[in-house]
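Engineer: coords below, sequence missing:
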Ligand SMILES: Nc1ncnc2c1ncn2[C@@H]1O[C@H](COP(=O)(O)OP(=O)(O)OP(=O)(O)O)[C@@H](O)[C@H]1O
């Protein structure tokens, strides 16, 4: 018998006044799964992320993590239950070192007793995994954009998520930096088996990372399937790929 899904989003909607930012979206994710979320600007991707992470309360619908309702709960509670995220606009604590930023993540996600695990070892391990070990003592605001994006991922991972939501972690990176970020995420997934929900305008990277892609347009889900199926989906081509090439 299989247990509950990792994440279930049931008819989730968010209205801002008369604007339906997300309208009746349904999808589910299994443990360890890599799922992409695509859609043009304003499609509702960030709003959906915000509803799952608790930054925004859905107007209607429900969101379940491992069978338990999380919609409407506080972001710190949802984080401790196992949802970690990065933000489109990176916002590490600039005046703190790389290492200190990661320690904040461990403390915030203190679902795991920080005394039960040797903290410095866990921090070191994590910094190795995201390729920031050599910059551990630098201030966050002295990092390049690519390194700050990695730090965002490290901070989110430090909260020990079972679901990691990544909001455009490759935006603004050079092709070389993006390729390195892609390799880092693939390695993290292999090593930790962590499920990821990924918003990424770099479609090539998304297609390489994700087993399944969900397409949104004007707050509605217009398609869902394997990467190869989704790029051939008529509605998706009209709404997104067509708009990109126009
Ligand atoms: N706090 C808010 N108040 C009013 N309208 C909002 C708010 N947040 C988002 N919206 C609107 O909801 C719609 C969906 O926005 P959202 O940011 O979720 O889209 P997105 O797919 O993440 O876009 P982008 O790729 O530009 O980040 C947009 O029309 C946006 O203007």
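Structural biologist: Structure received. Since this is a predicted model, take the numbers as computed values, not measurements.
Engineer: ok, residues contacting the helix of greatest length in the chain?
Structural biologist: In terms of residue count, the longest helix belonging to the chain (DSSP state H) is helix 175-192. For helix 175-192, the surrounding residues in contact (Cβ atoms under 8 Å, 6 or more residues apart in numbering) are 32, 34, 129-131, 146, 149-150, 153, 157, 166, 169-170, 173, 194, 196, 202, 205, 208-209. For glycine as for every other residue, the C-beta is placed from the backbone atoms N, C-alpha and C.
Engineer: quick one, which of the residues you listed are buried?
Structural biologist: Those of those that meet the buried threshold are 34, 129-131, 146, 149-150, 153, 157, 166, 169-170, 173, 194, 196, 202, 205, 209, by 16 or more other Cβ atoms under 10 Å.
Engineer: check what pLDDT residue 201 gets.
Structural biologist: Per-residue pLDDT puts residue 201 at 87.
Engineer: which SSE is it in?
Structural biologist: Here residue 201 sits in a region with no helix or strand, counting by DSSP states H and E.
Engineer: same check, this time on residue 216
Structural biologist: Going by DSSP H and E, residue 216 is part of strand 212-217.
Engineer: that strand close to the ligand?
Structural biologist: No: contact of strand 212-217 with the ligand (Cβ under 6 Å from any ligand atom) is absent, the minimum separation being 6.6 Å.
Engineer: that strand packs against which elements?
Structural biologist: strand 19-29, strand 34-38, strand 220-225, helix 227-230, helix 234-236 (3 or more Cβ pairs under 8 Å, 6 or more residues apart in numbering; DSSP states H and E).
Engineer: now tell me what touches the last one from outside.
Structural biologist: Counting by Cβ under 8 Å, 6+ apart, helix 234-236 makes contact with 38, 215, 217, 222-223, 230, all of which sit outside it.
Engineer: buried residues in it?
Structural biologist: Buried, per 16+ other Cβ under 10 Å, within helix 234-236: residue 236.
Engineer: what is the mean pLDDT for that helix?
Structural biologist: The model assigns helix 234-236 a mean pLDDT of 88.
Engineer: likewise for the longest one?
Structural biologist: Per-residue pLDDT values over strand 19-29 give a mean of 97.
Engineer: again with the third one
Structural biologist: The average pLDDT for strand 220-225 rounds to 96.
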